[in-house]
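Enquirer: pasting the structure only:
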């Protein structure tokens, strides 16, 4: 009888451990395609090494009024103003910090040509809060992105 109780509690312990491991945060949970809060673009978040990056993969207005693909016309570096926006890597160097947070990254805003410090928080499997800021996170703006496609 004692062996049965011991086996039962061992089995319960293993099940609880397995469920806890599944519930633990997944550093790659952020991978996939996300639509920004304005609905004007989609960004694919991907991984290189142990860092996370993002690139523009869809634009609501993909072409200029002349019918040409939009380029990075607001880039402060004149040599980069002919780079296509579609495919532009505009997020870089994010590190997973636990608790569904990725920090120490940078985000480039092609609308104004500025680079900002950035952090991301996965609120639920399909909602990502992206906060761009200058200096400290207190002085910034948060945009809520919605998942379109999982990695």
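Expert: Everything's here; your move. These figures come from a predicted structure and were not determined experimentally.
Enquirer: count of neighbours near residue 52?
Expert: 22 (other C-beta atoms under 10 Å). Using the backbone N, CA and C atoms, a C-beta is placed for each residue, glycine as well.
Enquirer: wait, isn't it in contact with residue 96?
Expert: Yes: applying C-beta atoms under 8 Å as the test, residue 52 and residue 96 come out as touching, 7.3 Å apart.
Enquirer: Out of the helices and strands in this structure, which is least certain?
Expert: Lowest by mean pLDDT, DSSP states H and E among the helices and strands of the chain is helix 2-23, with a mean of 43.
Enquirer: Next secondary structure after it?
Expert: Counting by DSSP states H and E, the element after helix 2-23 in chain order, helix or strand, is strand 32-35.
Enquirer: can you list contacts of whatever helix or strand comes next after that next one?
Expert: Later in the chain than strand 32-35, the nearest helix or strand by DSSP H and E is strand 41-48. Residues from elsewhere that reach strand 41-48 (C-beta atoms under 8 Å, 6 or more residues apart in numbering): 28, 30-36, 52-60, 90-91, 145, 148, 151.
Enquirer: Pull up the gap between residue 70 and residue 58, please.
Expert: For residue 70, the distance to residue 58 (C-beta to C-beta, to the nearest Å) stands at 12 Å.
Enquirer: Check residue 47 too.
Expert: Distance from residue 47 to residue 58, by C-beta to C-beta: 20 Å.
Enquirer: which ones are touching the closest residue to residue 83 other than its chain neighbours?
Expert: Among residues not flanking residue 83 along the chain, residue 72 sits closest, at 4.7 Å (C-beta to C-beta, 6 or more residues apart in numbering). Residue 72 sits next to 80-85, 88, 110, 113 when contact means C-beta under 8 Å, 6+ apart.
Enquirer: What of residue 29?
Expert: Per C-beta under 8 Å, 6+ apart, neighbours of residue 29: 100, 122, 125.
Enquirer: now, which of these lie within strands?
Expert: residue 122 (DSSP state E).
Enquirer: are any of the contacts of residue 29 buried, and which?
Expert: 100, 122 (16 or more other C-beta atoms under 10 Å).
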